[in-house]
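# A predicted structure for the sequence below; I have some questions about it.
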Amino acid sequence: MSEWKKLFSGLEPANQRPAVLDQGNCIVAAGAGSGKTRVLAVRYLHLLRERQLGPERILCLTFTNKAAAEMRERIHGLLQQCLPGEPVFAAAFANFNRAEIGTIDAYCSKLARNSCNHWGLAPDFQVDDASARRVTHDLALDFLLARRHQAVAAAYLAANGLEKAVAGLESLAHGRDGLLGLVADPFTDNPSLPDAFSPAVQRTRLLDQAAKLHAELQAGLQAGLELDPGSGKGIGASRWLELADFWNIKHPTPVVNADRELSTIAIGKIKLDIFRTKHIPDSAKSWRQSALSYGVVINDRIAYSSDTRFDPSLFAFWEKNYHIDLIFHDCQMFSGGVHASIDELSKLPTATKAKMLLMHYGDAALALPDKALATGFGGFVEQWHTYVFE
């Protein structure tokens, strides 16, 4: 079986494959870690192979530079993986530098720059984000000064000082991640709904958000600000509460010469061994090359993998150092991605699978409630269920 067929057959049939094969508009909606990026990347390869589209004819846009870089890396990696015996993929791989994968802002800027002669604009124009920031800054400053005697605004100013308060409110109100981003459908034609961009609606929205933040601040920090505006010491005396104000922080001790990065700590009768796992990116060959992700072993008996791809060395690490009675292990219902798949875990010894409960499996598992037991595992971890160990 070719790598492409393996990749496609690894998709969940009920939801993921239709998202790849659909020829019309398609919304891929799912939770974090469920494989959305992978499904979109496979859809991209499907368009290359089945629709005979070159990379330069597929427009792939994201909102952030980080998401664009991740999408480009994922598509490039899968394309390279599927090269053997696939001349269409080989041609696309050779021309991948022409792929249109980036942010909406960057694409629109490129489009405007390449066509500026049609509109009488100089090609060296710049996006004037600074002016937009200045306008937002002035609006935030006027907003706070006009309400400085109100309880919410007064507490916000006292806690942060004028400059930080204005900067925070400016950040809250500006751009795609600001208040305009909260509008469900700003271009609606429904005349019964107010104009979401009108000053009155935006002021109301801003007040609501400020009041919400203030309520969360009061509930979370209680008397932590210690404001004293009467003596003039308010700004200097005020401070944010830290974790140490609420908790007795314990620092684990690193274990020297362990098989992987490992720290240990004892809290009463509970001993915790905290170890690195092999998670993201999916190109990482070991936990050393992965971003920080940690699992834990409790009292040498209970192993909790946290986020991890399939990592046989992790099981060898547990086998060598502990007497594990129960394993809570990361699992997804499809192959590939950055979590261990149920098919990969199914290859483990029968005794290991019998003491393993699968977690982080996504909604796809709800359609296959007996698959974990049928393949020899202890079952799926139950949501909202407390596990008690003697």
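Structure's in. What do you need?

# which residues in the protein form strands?
Applying DSSP state E to the chain gives strands spanning 59-62, 100-103, 253-254, 262-267, 270-276, 294-298, 302-304, 326-330, 356-359, 379-380.

# same list, those strands, but as TSV with mean neighbour count please.
In short, each C-beta sits where N, CA and C put it, glycine included. Below are those laid out as TSV (neighbours: other C-beta atoms under 10 Å):
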stretch	mean neighbour count
strand 59-62	16
strand 100-103	18
strand 253-254	11
strand 262-267	14
strand 270-276	18
strand 294-298	19
strand 302-304	19
strand 326-330	23
strand 356-359	21
strand 379-380	16
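
# distance to Ile342 for the ones you listed - can I get that in JSON lines?
Below are those laid out as JSON lines (distance: least, C-beta to C-beta, whole Å):
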{"stretch": "strand 59-62", "distance to Ile342": "29"}
{"stretch": "strand 100-103", "distance to Ile342": "30"}
{"stretch": "strand 253-254", "distance to Ile342": "34"}
{"stretch": "strand 262-267", "distance to Ile342": "27"}
{"stretch": "strand 270-276", "distance to Ile342": "23"}
{"stretch": "strand 294-298", "distance to Ile342": "18"}
{"stretch": "strand 302-304", "distance to Ile342": "18"}
{"stretch": "strand 326-330", "distance to Ile342": "10"}
{"stretch": "strand 356-359", "distance to Ile342": "7"}
{"stretch": "strand 379-380", "distance to Ile342": "10"}
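
# what's the closest of the ones you listed to Gly33?
Gly33 lies closest, by C-beta to C-beta, to one member of those: strand 326-330, at 8.9 Å.

# quick one: strands adjacent to that closest one?
Paired with strand 326-330 in the same sheet, following DSSP bridges, are strand 302-304 (parallel), strand 356-359 (parallel).

# nearest to Ala106, of those strands?
Comparing these under C-beta to C-beta, the one sitting nearest is strand 356-359, at 37.9 Å.

# follow-up on the earlier one: which of the strands paired with strand 326-330 has the lowest mean pLDDT?
Note on these: strand 356-359 shows the lowest mean pLDDT, a mean of 92.

# need the CA coordinates for that one. CSV is fine.
Below are the C-alpha coordinates for strand 356-359, written out as CSV (Å, rounded to 0.1, in the frame of the first residue of the first chain):
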residue,chain,number,x,y,z
MET,A,356,-4.2,0.9,30.2
LEU,A,357,-7.0,3.4,30.1
LEU,A,358,-7.1,5.7,27.0
MET,A,359,-7.8,9.4,27.3
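
# okay, and the beta partners of Asp273?
Thr264, Val297.

# related to what we said a few turns ago, export the strands paired with strand 326-330 to CSV and tack on distance to Lys164?
Output for the strands paired with strand 326-330, formatted as CSV (distance: least, C-beta to C-beta, whole Å):
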stretch, distance to Lys164
strand 302-304, 39
strand 356-359, 40
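
# with respect to Phe8, which of those lies nearest?
Phe8 sits nearest to strand 356-359 of all the strands paired with strand 326-330, at 23.7 Å, using C-beta to C-beta.

# ok, and what's touching that closest one?
326-331, 342, 345, 348, 365, 372, 377-381 (C-beta atoms under 8 Å, 6 or more residues apart in numbering).

# the residues you listed: which two are farthest apart?
Spanning the widest gap among these are Leu326 and Ala365, at 19.1 Å by C-beta to C-beta.

# how much space between His251 and Trp287?
Between His251 and Trp287 the computed distance is 21 Å (C-beta to C-beta, to the nearest Å).

# go on, Ala372?
Shown here: Ala372 relative to Trp287, a distance of 25 Å by C-beta to C-beta.

# Val256: which of the strands paired with strand 326-330 is closest?
strand 302-304 (21.6 Å).

# which regions of the chain sit below the pLDDT cut-off?
Along the chain, segments meeting pLDDT under 70 span 126-133, 135, 171-207, 209-210, 213-214, 216-241, 362-369.

# quick one, phi psi at the closest residue to His329 other than its chain neighbours?
Distance criterion C-beta to C-beta, 6 or more residues apart in numbering; nearest residue to His329, sequence neighbours excluded, is Ser305 at 4.7 Å. Dihedral pair for Ser305: phi -70, psi -30, per degrees, to the nearest 10.

# what's the separation between Ser305 and Cys26?
Applying C-beta to C-beta to Ser305 and Cys26 gives a distance of 33 Å.

# more neighbours: which of the two?
Comparing Ser305 with Cys26 by other C-beta atoms under 10 Å, the one with more neighbours is Ser305, at 28 against 13.

# surely that one meets Cys331?
No. Using C-beta atoms under 8 Å, Ser305 is not in contact with Cys331, being 9.1 Å away.

# need the contact list for Thr308.
Contact analysis of Thr308 by C-beta under 8 Å, 6+ apart lists Thr277, Lys278, His279, Ser293, Gly295, Leu314, His329, Asp330, His339, Ala340.

# just to revisit the earlier point, His251 and Trp287: which is more packed in?
Trp287 (24 against 7).

# now Phe8: closest residue in space, sequence neighbours ignored.
Of all residues not flanking Phe8 in the chain, Val42 sits nearest, at 6.7 Å (C-beta to C-beta, 6+ apart).

# how about the contacts made by the one you found?
With C-beta under 8 Å, 6+ apart, Val42 has these contacts: Leu7, Phe8, Leu11, Gln16, Val20, Leu78.
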